[in-house]
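K.L.:
Okay, predicted coordinates and the sequence, questions at the end:
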Amino acid sequence: MYNQFAQYAHVIPVLSPVDIVSTATNSTHIKVTGHRVNFLVFLGTLTGDSCSVTVEESTAASTTGAEAIPFRYRLSGAVGSDTWGAVTTADSTGVDFTASDDDKIMWVEVDPSDMSSDTKYLSVLLGPGASASACEVSVAAIIDSWYQQLDMVSST
């Protein structure tokens, strides 16, 4: 019987599905200890001008003093397709998405070497555009595991 249940990667929900149309929202903070961290940003209905995605680093599990950092990402095709766009580098200002990106997934990768030496936490900041009327999103984190295990060590 095949029974791997995420023994190779630590998968964590960090933002439940939510419409952030009125308020910029941070995901839960992930503690990074030399592991490569990926985020899956699920883009639902986007109506209006845009929805922005930024990655922030901080010295504590808090948005206080958080700084935006560059990252790499790929955007999936529409639901039901099996396609991914090219790997793209985003600067610290992040990336904006529009209604043409409805129902896609943004795969975000952060290399620990891109982080400041004194920071230990990452979060995803999602913000609605000025005239957005819907910006439905959710986020999951995927952390590379050092050792295969069924009981994962906490990342918060």
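P.N.:
Noted; the coordinates are in hand. Residues are numbered from 1 along each chain as shown.
K.L.:
Check the closest residue to Asp118 other than its chain neighbours and give its pLDDT.
P.N.:
Leaving aside its chain neighbours, Asp118 sits nearest to Thr59 (5.8 Å; criterion: CB to CB, 6 or more residues apart in numbering). C-betas here are computed from N, CA, C, even on glycine. With respect to pLDDT, Thr59 has a value of 90.
K.L.:
again, but for the one 3 residues further on
P.N.:
According to the prediction, Ser62 has pLDDT 89.
K.L.:
a strand runs through it, doesn't it?
P.N.:
No - counting by DSSP: H, G, I helix; E, B strand; the rest coil, Ser62 is not part of a strand but coil.
K.L.:
quick one, what contacts it?
P.N.:
His29, Tyr121 (CB atoms under 8 Å, 6 or more residues apart in numbering).
K.L.:
separation between it and Lys31?
P.N.:
Separation of Ser62 from Lys31 (CB to CB, to the nearest Å): 12 Å.
K.L.:
Would you check how far apart the residue nearest to Glu56 when sequence neighbours are not counted and Thr119 are?
P.N.:
Spatially, and ignoring its direct neighbours in sequence, Glu56 is nearest to Ala66 (4.1 Å; CB to CB, 6+ apart). The gap separating Ala66 from Thr119 is 9 Å, by CB to CB.
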